[in-house]
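1. Just need the structure, nothing else, for what follows:
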Amino acid sequence: MKLIPLSAIEDSELFTRGMRFRIYHVGLNVKDKKDDYYEYMLADNPSEPEYMLLTNVVGYKAGSSLALVKTLDDKTKHAVNAKALKYSMGEENTFWVRE
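-> Sure, this is the predicted structure:
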């Protein structure tokens, strides 16, 4: 696993469902600050297919959604680009979890 800062990713980079992202320094009461994060995964949004959901997948807030992310206008690819992710998540302390 490698953490890549969202701010270092080109706006045109594409992401599909199942890809994960972390936001650090969220204020969790943890002993080690490296554990102070929420991890989100891109998921399909059946009620609004022009958006994907960023859903928390780690810890007591698992299942909670952070934001909707606009999918590409090109409907042959069900994906979002980094520009849309940056808009929805913010870039500060935000990382792509590259497997």
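2. What is the neighbour count of A82?
-> A82: 19 surrounding residues under other CB atoms under 10 Å. Backbone N, C-alpha and C define where each C-beta goes, glycine included.
3. next one: the one 10 residues further on
-> Neighbouring residues of E92 were enumerated by other CB under 10 Å; the total is 11.
4. In a helix, it, correct?
-> No. According to DSSP: H, G, I helix; E, B strand; the rest coil, the state of E92 is coil, so it is not within a helix.
5. any idea how far the closest residue to it other than its chain neighbours is from K75?
-> Spatial nearest neighbour of E92, excluding adjacent residues (CB to CB, 6 or more residues apart in numbering): S7 at 7.9 Å. Distance from S7 to K75, counting by CB to CB, to the nearest Å: 28 Å.
6. okay, the two: which has more neighbours?
-> Applying other CB under 10 Å to S7 and K75 shows that S7 carries more neighbours, namely 13 against 9.
7. Quick check: that one vs V57, distance?
-> Taking CB to CB, one finds S7 at 22 Å from V57.
8. How about E92?
-> Counting by CB to CB, the gap from E92 to V57 is 21 Å.
9. Give me the three-state assignment for M52.
-> Under three-state DSSP, M52 falls in the strand class.
10. hey, what's it bridged with?
-> Beta-bridge pairing of M52 under DSSP bridges involves D44, V69.
11. For it, give me its contacts.
-> Going by CB atoms under 8 Å, 6 or more residues apart in numbering, M52 touches 17, 42-45, 68-69, 71, 80.
12. ok, now which ones touch G18?
-> By CB under 8 Å, 6+ apart, the neighbours of G18 are 41-43.
13. Name only those of these that count as buried.
-> 41-42 (16 or more other CB atoms under 10 Å).
14. Going by distance to D11, which of the contacts of G18 wins?
-> Relative to D11, the closest of these is L42; by CB to CB it sits at 16.4 Å.
15. for the record, mean pLDDT for the helix or strand that contains L42?
-> Secondary structure assignment for L42, by DSSP states H and E: strand 37-44. Here strand 37-44 scores 94 as its mean pLDDT.
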